[in-house]
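Participant: Here's a sequence, model it:
(chains A and B)
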Number of protein chains: 2
Amino acid sequence: MPELIIPFFWQTPPAFLATTAATSETEPEGATILAAVLLSLIVIYFASKLGGELCARINLPPVLGELVGGVIIGVSALGLLVFPGGEVTASDSLLVQFLETTAGLSPAAAPSLFATTSEVINVLSELGVVILLFEIGLESDLKELIRVGPQAAIVAVVGVVVPFAAGTAGLVFLFDVAAVPAIFAGAALTATSIGITAKVLAELGKLSSKEGQIIIGAAVLDDILGIIILAVVASLAKTGTIEIANVIYLIVSAGVFLIGVILVGRLLSPLFVSLVNQMKTRGQVLLAGLIFAYALAYVAAVINLEAILGAFAAGLVLAETEKHKELEEQVIPVADILVPIFFVCVGAKTDLSVLNPAIPSNREGLVLAAFLIFVAIIGKTVTGLTVFGQPEINRLAIGVGMIPRGEVGLVFAGVGSASGALSDATDAAIIMMVIITTFIAPPLLRIVFQEPQTAPPIPTAPSLDAAIADGETQDS
Amino acid sequence: MPELIIPFFWQTPPAFLATTAATSETEPEGATILAAVLLSLIVIYFASKLGGELCARINLPPVLGELVGGVIIGVSALGLLVFPGGEVTASDSLLVQFLETTAGLSPAAAPSLFATTSEVINVLSELGVVILLFEIGLESDLKELIRVGPQAAIVAVVGVVVPFAAGTAGLVFLFDVAAVPAIFAGAALTATSIGITAKVLAELGKLSSKEGQIIIGAAVLDDILGIIILAVVASLAKTGTIEIANVIYLIVSAGVFLIGVILVGRLLSPLFVSLVNQMKTRGQVLLAGLIFAYALAYVAAVINLEAILGAFAAGLVLAETEKHKELEEQVIPVADILVPIFFVCVGAKTDLSVLNPAIPSNREGLVLAAFLIFVAIIGKTVTGLTVFGQPEINRLAIGVGMIPRGEVGLVFAGVGSASGALSDATDAAIIMMVIITTFIAPPLLRIVFQEPQTAPPIPTAPSLDAAIADGETQDS
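Facilitator: Below you'll find the predicted structure:
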């Protein structure tokens, strides 16, 4: 159809690769999609650095700045970085409007461009959290994690049971909420965002501390528990019953995966080292490491666990090899370009309009939210008290480290909302709880980790942590 | 609609971010898209390292191995990495079939997943060549480029005029091809793939040599000339006339862009350095550099030039700052994970079925192709003879460096084919010419750059080139 192709070719830059050329007027060309992605990345990097730098200057964790930077460019404020879904369409994206003005994007092609670009940014953001967990795994000490395993397990279980029981019971008995929505809200209280917690710990240089390793271990176990709980409540909402077979399947597959990876991984890691040593072309350590991490992330995703758990396990296994130093150094720049996409996107997707008291369901939700936030904070903070046999440990820090719900909490809200089980008020209350716990955890964690001013602060593991810390010093 | 969401949720892993959750059975979930992208990247990295390592062992440039690795996993052979377009659909992708078997992908959601995953990989591949040209710009010496500018300009112009005139005239007079398709084929002969040439030069450690800088300068100018020629022939094919205004617009915007960027960039680069020096959070040099590179790539794309030209210009400007060393080091791992995606995708999209003589139009095309390939090689090789005032220079290397048509040649074939101006035989002949010139250039270039064995080889600029070379030594 020459009438379509050639005029279209004139409106937009030539497609760099012929096979991505547009085949109709409603499909954007490859070069336009690339331009839209470049523009999105510029906005994301700018927001992340501006927010991060401002927070670093007022002694707050930079990752909070990245989240806030995301909120500012996102759906709640500027509308520069918005994602399809709900009532948001291409015309709500300032970025799409900018492309229509500057890049000759035709309005007919805008919805398709918006959908594709959003999907690309979503995938980059998810690759970001995969790389973050791979890096955290590389920085972690498997032996230490196994040693603190029992304590981490208790922290994880208490951090699930207490918020769930208190939240569900409180909603039913104090607020007269029906059982299913109360269970959903209770379930959302059990989540812990491993990404946000791990990033703050790295920024504080506390990742390798005993507290840090207990928090990471508990957050990983909490992620697995969260997947199981989500399966249970989703099944409850759908059929009113719990499908025991599914729950058993999830528990068994999670256990087999984690133990299997570590056993098989340790057997295979000498092979990894000898393979990498024989390779002669550029980037051999990094690419071999990423193939391993992506493969485990894929397996974890396929057996209904999270991809990030696979990446974390891959990092743990490779941390034991002699190549871990070189791999860590090369992962840093990759993390630098991908991880901010994740945090900025979490911020950008946060819809602060649930906090607007002018909307009736929000007013009702605010009361519920106040209760949920109270339970969310207390229910996780008490977990620090369960740590045994460690008189010197900072129990408060462990509890506070479990507070942020982050994107995991949003999954509960999303599934609950989609199932139709939640009222608008309950839905808004859950999202408010997720927002507040996510945004207060980084500064709280920094406060509770502050050493007493009398003794000079002794860095716990400066060499490892400094390399991935976002903190006050440049990494030049 | 709880009946849709919840059962779907059970088939695939939980969506990591609620907003990417599927809203219908024909749309794949976010986690499935991530799994598909992870799987594609594993296959791409594996093919690139296997091909690269094999080529390094038989003394061929590793990038040739990445291209061949791409061909093997691509549409011509295994079908692991295929892209929509033509007769290719989701069912032709082995990867999609694998996801249906392992990840519980429903056949109804397969076409949408295939389209989205392909688009994500396309964008990553285009980001790869953007990063490659940014890295090449960082390694280049602006002063040297300006000094060899006149020679590079003559090489570029001769390398456009000779193949175009010889190719078009030969097709019209020797093969009785009509004027418009002959002009299209002639135009396709003018292209030079800056990506492939630059990568091979870097692998040989010849990027900073005088020959290398002339080739890079000529390839950049050739890219601009190619865009103008493409505009002219596309306009010819459509209206039978040349739109002079468009041609003038392209020439002026290209000139203003390149000169403007270098002048403004040099004024702003002290600002860049002082800004980066004031930043305290991790990855400040890399992210500030990438913001600059992506911004110029965006501007270049928007004014109908190529995004890669903007990235190259950004690299040139930042190479002049005191931060260039640090930036170069941090760009290396980023290039290591993105650039192979580009080369493997170029290989994967190469459809070797045009070489199959069992198809009638290919038999006819083979004769035309033999002629085009002859003109393509001779027409670029002679450009080395035009270099003046450099008695010591390797003229053959300069000519050979301009041979690969790569993805730029495919754009001509794609636009020509879409306009309906090309017969099947001419189309096949152009694609054959592109394939042969792309795949023979890397080994040829290595041969012509071989120093005579009598004198010990003196590395021209070991420190810079070694850092980005793909060659025989590890970069550990």
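Participant: What spatial separation is found between residue A:304 and residue B:96?
Facilitator: In this view, residue A:304 and residue B:96 are 20 Å apart by CB to CB, to the nearest Å. Where you see a C-beta, it was placed from the backbone N, CA and C, and this is true even at glycine.
Participant: Quick check, pLDDT for residue A:17.
Facilitator: In this model, residue A:17 is scored at 30, pLDDT.
Participant: what's residue A:351 sitting at in phi/psi?
Facilitator: Dihedral pair for residue A:351: phi -100, psi 100, per degrees, to the nearest 10.
Participant: That one: what's its closest spatial neighbour, skipping adjacent residues?
Facilitator: Nearest residue to residue A:351, sequence neighbours excluded (CB to CB, 6 or more residues apart in numbering or on different chains): residue A:75, at 5.4 Å.
Participant: got it, and residue A:44?
Facilitator: residue A:344 (4.7 Å).
Participant: need the contact list for that neighbour.
Facilitator: Counting by CB atoms under 8 Å, 6 or more residues apart in numbering or on different chains, residue A:344 makes contact with A:44, A:47-48, A:66-67, A:69-70, A:73, A:81, A:125.
Participant: Could you name the specific helix or strand carrying it?
Facilitator: Assigned by DSSP states H and E, residue A:344 belongs to helix A:324-349.
Participant: In that helix, which residues are buried?
Facilitator: Going by neighbour count (16 or more other CB atoms under 10 Å in any protein chain shown), the buried part of helix A:324-349 is A:324, A:326-328, A:330-349.
Participant: Equivalent analysis for stretch A:361-375, please.
Facilitator: A:362, A:364-366, A:368-369, A:371-373, A:375.
Participant: Give me the subset of those residues lying in helices.
Facilitator: Taking DSSP state H, the ones among the buried residues of stretch A:361-375 that sit in helices are A:362, A:364-366, A:368-369, A:371-373, A:375.
Participant: Can you redo those as TSV, where the extra columns are distance to chain B and pLDDT?
Facilitator: Listed next are these as TSV, based on distance: CB to the nearest CB, whole Å; pLDDT from 0 to 100:
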residue	distance to chain B	pLDDT
A:362	19	76
A:364	22	79
A:365	17	82
A:366	21	87
A:368	19	88
A:369	18	89
A:371	22	93
A:372	17	92
A:373	19	92
A:375	21	93
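Participant: CSV for those residues, including distance to residue B:188?
Facilitator: Formatted as CSV, those follow (distance: CB to CB, whole Å):
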residue, distance to residue B:188
A:362, 61
A:364, 67
A:365, 62
A:366, 65
A:368, 66
A:369, 63
A:371, 69
A:372, 64
A:373, 64
A:375, 68
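Participant: Show me which pair in these is furthest apart.
Facilitator: Using CB to CB, those span at most 19.2 Å, a distance reached by A:362 and A:375.
Participant: residues contacting residue A:291?
Facilitator: Neighbouring residues of residue A:291 by CB under 8 Å, 6+ apart: B:42, B:45-46, B:49.
Participant: for chain A, which spans come out with low pLDDT?
Facilitator: Across chain A, residues meeting the criterion (pLDDT under 70) sit at A:1-27, A:238, A:240, A:451-476.
Participant: ok, the residue nearest to residue A:44 to residue B:30 distance?
Facilitator: Separation of residue A:344 from residue B:30 (CB to CB): 17 Å.
Participant: go on, residue A:77?
Facilitator: Here the criterion is CB to CB. By it, residue A:77 lies 24 Å from residue B:30.
Participant: Specify which residue of those two has the higher count of neighbours.
Facilitator: Neighbours per residue, other CB atoms under 10 Å in any protein chain shown: of residue A:77 and residue B:30, the larger number sits with residue B:30, 24 against 12.
Participant: Quick check: phi and psi on the more buried one?
Facilitator: Per-residue torsions, residue B:30: phi -50, psi -40 (degrees, to the nearest 10).
Participant: which SS class is the nearest residue to residue A:366 once chain neighbours are set aside?
Facilitator: Nearest non-adjacent residue to residue A:366, counting by CB to CB, 6+ apart: residue A:357, 6.4 Å away. Three states are possible here, and by DSSP: H, G, I helix; E, B strand; the rest coil the one that applies to residue A:357 is coil.
Participant: Now do residue A:357: how many residues are near it, please.
Facilitator: Around residue A:357 there are 9 residues (other CB under 10 Å).
Participant: Give me the phi and psi for it.
Facilitator: Backbone dihedrals for residue A:357, given as degrees, to the nearest 10, come out at phi -70, psi -10.
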